[in-house]
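Student: curious how this folds, go ahead:
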Amino acid sequence: MEGLRREVLGMRQTLSRLQQGRTVDVIRDELVQYAKRLLEVLDPRRALALMETLVTQARREGHPKLEESLVIVETATPHAGEYYFKGLLIDQFGSGVVKKSRHRD
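Tutor: Numbering: from 1, shown residues only. Next up, the predicted model:
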């Protein structure tokens, strides 16, 4: 019976996240896809806004990587205007495959 209660609670939490909008994983993927654009068309303000959205959603979800995301945002923000900002985003938010492909460029 306890297992069933946990399952229902988990389903309710998932439904709540979906009703609130995008999940942390979806926002992170969107941020990485945005960072993969050509440097000339990457707007650091848009990337920073996505990072802030990620942190906000992580708070709503009680995401286990909230603190890590906060540190990354705080650390990366001063570098938004730098040429390496794009790579910083990919390194911090991308998956292993995305990171490896970036280092081949």
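
Student: spatially central residue for the chain, please.
Tutor: When the chain is reduced to its mean C-alpha position, the closest residue under CA atoms, centre = their mean turns out to be residue 28, at 2.6 Å.

Student: contacting residues for that one?
Tutor: For residue 28, the contacting residues are 54, 93, taking CB atoms under 8 Å, 6 or more residues apart in numbering as the criterion. All C-beta atoms are positioned from the backbone trio N, CA, C, and that covers glycine.

Student: measure it to residue 21 for me?
Tutor: Applying CB to CB, to the nearest Å, the value for residue 28 to residue 21 is 14 Å.

Student: can you get me a residue count around residue 30?
Tutor: Around residue 30 sit 15 other residues, with neighbours defined as other CB atoms under 10 Å.

Student: doesn't residue 51 make contact with it?
Tutor: No: proximity of residue 30 to residue 51 does not meet the contact threshold set by CB atoms under 8 Å, at 10.8 Å.

Student: for residue 42, list the residues it contacts.
Tutor: Applying CB under 8 Å, 6+ apart, the residues near residue 42 are 34, 35, 85, 86.
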